[in-house]
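In: Test case, fold it:
(chains A and B)
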Amino acid sequence: MAEIVLDKLTKRYPDGALAVSEVDMKIADGEFIILVGPSGCGKSTMLNMIAGLEDITSGELRIDGQRVNEKAPKDRDIAMVFQSYALYPHMSVRENMAFPLRLAKVDDATVKSKVEEAAQILDLTQHLDRKPANLSGGQRQRVAMGRAIVRNPKAFLMDEPLSNLDAKLRVQMRTSVSKLQKQLATTTVYVTHDQTEAMTLGDRVVVLRGGVVQQIGSPQFLYENPANLFVAGFIGSPAMNFLPGTLENGQLSTGLGALTLSDRVRRLAEEAKAPREVIAGIRPEHFEDANLMDDSAKSGGSTFTATVDVLESMGSDKFVYFTVEGEAATSAELDELAADAGSHELSDSGSQLVTRLSASSAAAEGHPVDVWFDADKVQLFDPKTGKNLTYAE
Amino acid sequence: MSQTLESEAPATPPPAKKGKPALSEGKKAERRLGLLLCAPAAIVMLAVTGWPIIYSVWLSLQRYDLRFPDQREFVGLDNYIAVLTDGYWWTAFGITTLITAVSVVIELVLGMLLALAMHRTLVGRGLIRTVSLIPYGIVTVVAAFSWFYAWNADTGYLADLFGAEAPLTQQIPSLLIIILAEVWKTTPFMALLLMAGLALVPDDLLKAASMDGATAWQRFTKVIVPVMKPAILVALLFRTLDAFRIFDNIFVLTKGANDTSSVSMQTYNNLIRGLNLGIGSTMSVLIFIAVAIIAFVFVKLFGAAAPGNDPGGKR
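Out: All right, here's what the predicted structure looks like:
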């Protein structure tokens, strides 16, 4: 139970590489905070710095108001869960979980009761005397959690704890991690590259890029109000669509045709002194099959006709993919996101548009369909700085 | 109609229960080819290792002294009784065990320190490894001669340095010098084997131990050593077997004088210098048995230490 404060925390490696740059953050007592970003963004380095496994180059780290920069990991009273679980292979589950308590010279009776209590919470009671080698991935993961919770530490640090599990188990464990954290109300810093985990688990999400914090906020706020192109592209699955556009007298013209912006969006863009050339971002769910809507509902947006490339029916919705003619939107942020997703080479002609339509849509592959989108939900970004021009506090 | 059906019915179920599934023709041919390909190597192995062992066992059961070849006769276990009731043999056995135990323990400690140093060095790792391996690359006899001259009463700079007068003519100093020569020579080998074991300890495990509150010493004793136990046992096994057969260092340094003779030294004295094939062979067989016991004990320890071998068994 503790408040963790990062004050201009910086990590520079001896070879000059800057891994984490002046991060300012205040993690409240009992808060569940997620560090998310593509690989190499410095999220694990940041976690290791909080843990004490990496030295802090400059800045100050305070736990409960006390500077801990110089303290060894063991003196910081925080527990960590590793991606590899890092269970001691020569010890049984019981010994693994008891290890931190034994090192702290806790008496046998307390060790026994604490381990058994943790095993109960994590449903490991019948596995206590087995070795990690004989456990399944999910069980090992739970042992790793158990080893962290027996000590009742000030904070938990979790480094991609679910990445080694298969998809189904990951979803299941995600809920149990969330439940466990609420139950224990211990400050938790959780690192992941999975934006679904970021959206679903945390109280607040920190998006990192190249060691610099891009935005901090609740998952919903980040989703609705991304501070820049990078956050907009990173949060959300399928990702936001980006189209290059020209802004003129409140009219936005893109590969989807001309659109009259809503008053709200126009005002925000004017306040932000939007340039003529912008990048327009539209989330897939803000599209709809025009044939399913009545005319009054359609008035707040714009309709275009395009041929369906690919249709994925999810049962509840249909994901419909189109190709938009013309240049694809380009910026450093988008390039980096594409590189991280491994889709750098895919978009060579035009840009792909992903839309999420109602399941009742009659769209079919290879056939044209009328698609409407909401003008009030369009976000505008500055192609040079990546800043969100329609950002609303 | 119904009768024919009934009579056929018991014949129809396939022969379900068989101990092992019969090998197909292809598998059999493959196995035969495999055996044939192994055969030459296996035969050569048997000829150069199996035959000498059997022959020395045969010789050890005979009175056979080349100085008196006419008196050759089968004496059963008389040679064994003669050797095992002889004070010289037990002295040599004691000395050998002492040298083995002391030198292997020192080598383990120094080797571990060296391995940890090499494992953690970031700069010039290759150079350090090469340099530390030099003693192992020098022929034992050559190294033993350098030690001999260094400790010799006339030429010895080390003897001078420590103000010792002819240390190689007294038992305890001689043994210490023999152990020193052994340790100097084989510690790098130990370090190399241990370093391979250290590489098996995942970094995350050590990080986890730090987070769990372990000091550097606790990380070493409670995590590193248990995890690399198999590597430690292999290193110990190799070195113990080697050390028990110590010969060259003693041969050069003291020639076994002043009760510094090892069992191998005794065997050599009887077999080659004394030309007593019977007694000499008996001693070789006894060394063979001792080495086999050492190996057996280590392999037993090992079995229990191998990962995944706990009684719970795999699911």
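In: Just the pLDDT at whichever residue of the stretch 1-150 of chain B sits closest to chain A, thanks.
Out: The minimum distance from the stretch 1-150 of chain B to chain A, using Cβ to the nearest Cβ, falls at B:L122 (10.1 Å). For glycine as for every other residue, the C-beta is placed from the backbone atoms N, C-alpha and C. pLDDT, B:L122: 72.
In: mind checking which helix or strand it is in?
Out: Secondary structure assignment for B:L122, by DSSP states H and E: no helix or strand.
In: Give me the phi and psi for it.
Out: Per-residue torsions, B:L122: phi -100, psi -30 (degrees, to the nearest 10).
In: ranges for the helices of the stretch 201-315 of chain B?
Out: B:203-212, B:216-219, B:225-227, B:229-244, B:248-253, B:263-268, B:277-305 (DSSP state H, counting those that start in this stretch).
In: So which residues on the stretch 1-150 of chain A come close to chain B?
Out: Taking Cβ under 8 Å from any Cβ of the partner chain, the part of the stretch 1-150 of chain A that reaches chain B is made up of A:51-53, A:72-74, A:78-80, A:82-84, A:86, A:88-91, A:99-100, A:103-104, A:129-131, A:133-134, A:147.
In: again, only this time at 6 Å
Out: A:53, A:73-74, A:80, A:82, A:84, A:86, A:89-90, A:99-100, A:103-104, A:130-131, A:133-134 (Cβ under 6 Å from any Cβ of the partner chain).
In: related to what we said a few turns ago, near the residue of the stretch 1-150 of chain B closest to chain A, how many other residues are there?
Out: 5 (other Cβ atoms under 10 Å in any protein chain shown).
In: From B:A191, how far off is it?
Out: 18 Å (Cβ to Cβ, to the nearest Å).
In: The longest helix along chain A packs against which elements?
Out: Taking DSSP state H as the criterion, chain A has its longest helix at helix A:167-184. Under the contact definition 3 or more Cβ pairs under 6 Å, 6 or more residues apart in numbering or on different chains; DSSP states H and E, helix A:167-184 sits against no other helix or strand.
In: in that helix, what's buried?
Out: A:170, A:173-174, A:176-178, A:180-181, A:184 (16 or more other Cβ atoms under 10 Å in any protein chain shown).
In: for stretch B:186-201, same thing?
Out: Across stretch B:186-201, burial judged by 16+ other Cβ under 10 Å covers B:186-195, B:197-198, B:201.
In: which residue does the stretch 251-393 of chain A bring closest to chain B?
Out: The nearest approach of the stretch 251-393 of chain A to chain B comes at A:D340, 23.7 Å away (Cβ to the nearest Cβ).
In: What backbone torsions are found at that residue?
Out: phi -70, psi -40.
In: Surely it is in contact with A:V36?
Out: No. Taking Cβ atoms under 6 Å as the definition, A:D340 is not a contact partner of A:V36, at 11.7 Å.
In: More neighbours: which of those two?
Out: More crowded of A:D340 and A:V36, by other Cβ under 10 Å: A:V36, with 27 against 18.
In: Could you double-check that the more buried one sits in contact with A:T200?
Out: No. When contacts are counted by Cβ under 6 Å, A:V36 is not listed as touching A:T200 (11.6 Å).
In: Tell me, how many residues neighbour B:D154?
Out: Counted with other Cβ under 10 Å, B:D154 comes out at 7.
In: mind pulling up the phi and psi values for A:V378?
Out: Per-residue torsions, A:V378: phi -70, psi 130 (degrees, to the nearest 10).
In: For the helix or strand harbouring B:I178, give the mean pLDDT please.
Out: Element membership for B:I178, per DSSP H and E: helix B:171-198. The average pLDDT for helix B:171-198 rounds to 90.
In: counting contacts, what elements does that helix pack onto?
Out: helix B:87-120, helix B:125-137, helix B:140-151, helix B:229-244, helix B:248-253.
In: Tell me which of those sits most buried.
Out: Compared across those, helix B:248-253 shows the largest average neighbour count, a mean of 22 (mean count of other Cβ atoms under 10 Å in any protein chain shown).
In: which helices and strands sit right next to it?
Out: helix B:140-151, helix B:171-198.
In: Minimum distance to A:L353: which of those has it?
Out: helix B:171-198 (54.1 Å; Cβ to Cβ).
In: quick one, the closest one and helix B:87-120 angle?
Out: Using axes from the mean of the first three to the mean of the last three Cα atoms, to 10 degrees, the inter-axis angle of helix B:171-198 relative to helix B:87-120 is 40 degrees.
In: Flag every buried residue along the helix or strand that contains A:N96.
Out: Secondary structure from DSSP H and E places A:N96 in helix A:93-103. Buried positions in helix A:93-103, judged by neighbour count with 16+ other Cβ under 10 Å: A:93-94, A:96-103.
In: same thing with stretch A:227-241?
Out: By neighbour count on 16+ other Cβ under 10 Å, the buried set for stretch A:227-241 is A:227-236, A:239-241.
In: where does that stretch sit relative to the chain's centre, distance-wise?
Out: 10 Å (Cα atoms, centre = their mean, to the nearest Å).
In: what about it, how long is it end to end?
Out: End-to-end distance for stretch A:227-241: 16 Å, by Cα to Cα, to the nearest Å.
In: so how many other residues sit close to A:N48?
Out: Residues within reach of A:N48, counting by other Cβ under 10 Å, total 21.
In: actually A:A86, sorry about that
Out: Applying other Cβ under 10 Å, we find 26 residues neighbouring A:A86.
In: Then it would be within a strand, right?
Out: No. Counting by DSSP: H, G, I helix; E, B strand; the rest coil, A:A86 falls outside a strand, being coil.
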